[in-house]
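> prediction below, plus the sequence it came from.
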Amino acid sequence: MELAYIPSPSRGVLYLGPIPLRGYAFCIIIGVFVAVWLGNKRWIARGGRAGTVADIAVWAVPFGLVGGRLYHVITDYELYFSAGRDWVDAFKVWQGGLGIWGAIALGAVGAWIGCRRRGIPLPAYADAIAPGIAFAQAIGRWGNWFNQELYGKETHLPWALHITSSADGRVPGYYHPTFLYESLWCVGVALLVIWADRRFKLGHGRAFALYVAAYCVGRAWIEYMRVDDAHHILGLRLNDWTALIVFLLAVTYIVVSAKKRPGREEVVEPGALEDAAEADADGGAAEKDETDASEPKPAAESSAEEQADAEEEEQADEKEKAGDEAKDEAESAKKS
């Protein structure tokens, strides 16, 4: 028995009456919110409008989910279409099975549609959301912990993952928590992209390409540790080959893009300048009102106002005095 280990959850779903609340789904949803939140902050900093990232995510996220599921089903088709399997299970996304390669590829198509509708360049948008996607992956990987899936080889390390109910028929025991390794790697990738983007002013999609390349490096060695069934080509798992090819494409893009379009593009989203001008005008007006209310008036202006007040009081006194005299004369004439 292990003295220290990472326990698996007793179950991956809770029920709120008849409604199932699945840990896998919650991890995906939380990851999407984090990606949109961080992407929005980075997009505004680059001259974009607030809310643009969320609007485009409405296109990118559904496309990404479909792409991720398609990649998984196609590359593991025997889980759904072989003898004794039920093809309906291919639609049960909540049971796990989203390939990041398909999610990014088809998600990019959705993002391209959203960018076209907003009139902004896709590479600039991709650079803004790249770290957020990495953080989303780090959070989403914990969905595998809830489902007790995609773990590594047996190990006796203190951080071994204790599997109690394996869906793939393997013997319960202690295994490498590859979900945790990938989650931590994705956090590192996100921080790397943020640092490099600030240091080198990455533009024209190079921040996104750096995220892709860095993720592929980690995915390659983590994939090598996994023990779940997978297709092999020349002794390597299919995802290892995918990671290698995508890594080479990402590095090539960084090199070629840096030569053809050095520096960072100036992002001016339609309507962003008007928003900034309106915000400045509103802020300036509010500041002026506060200044007028709080600052004392000049001495000359105060003296002039005091003199005017004195003259008004003097005129009022004279009118009142004249009225009293006229009243007295009227009473005298009446008596006589």
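Good, I have the coordinates. Numbering: from 1, shown residues only.
> and the gap between the residue nearest to residue 30 when sequence neighbours are not counted and residue 88?
Take residue 30 and drop its neighbours on the chain: the residue closest to it by Cβ to Cβ, 6 or more residues apart in numbering is residue 139, 5.4 Å away. To be clear about C-beta, it is placed using only N, CA and C from the backbone, and glycine gets the same treatment. Going from residue 139 to residue 88 by Cβ to Cβ, to the nearest Å gives 28 Å.
> so for those two, which sits in the more crowded spot?
For the pair residue 139 and residue 88, the greater number of neighbours falls to residue 139 (21 against 8), based on other Cβ atoms under 10 Å.
> quick one: that one is in a strand?
No - the assignment for residue 139 is helix, going by DSSP: H, G, I helix; E, B strand; the rest coil, so no strand is present there.
> where in the stretch 101-250 of the chain is pLDDT low?
When the per-residue scores of the stretch 101-250 of the chain are filtered using pLDDT under 70, the ranges that remain are 166-170.
> residue boundaries of the strands in it?
Here the stretch 101-250 of the chain has its strands, by DSSP state E, counting those that start in this stretch, at 161-163, 173-175, 232-233, 236-237.
> need those strands in CSV (columns: distance to residue 258 and mean neighbour count).
Formatted as CSV, the entries for the strands of the stretch 101-250 of the chain read as follows, by distance: least, Cβ to Cβ, whole Å; neighbours: other Cβ atoms under 10 Å:
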stretch, distance to residue 258, mean neighbour count
strand 161-163, 41, 21
strand 173-175, 42, 19
strand 232-233, 32, 10
strand 236-237, 30, 17
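> adding distance to residue 212, write the ones you listed out as TSV.
As requested, those are exported to TSV (distance: least, Cβ to Cβ, whole Å):
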stretch	distance to residue 212
strand 161-163	27
strand 173-175	28
strand 232-233	21
strand 236-237	19
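> out of these, which gets nearest to residue 184?
Proximity of those to residue 184 was assessed by Cβ to Cβ; the nearest stretch is strand 161-163, lying at 13.7 Å.
> sheet partners, orientation included, of that closest one?
Each strand paired with strand 161-163, and its direction, by DSSP bridges: strand 6-7 (parallel), strand 173-175 (antiparallel).
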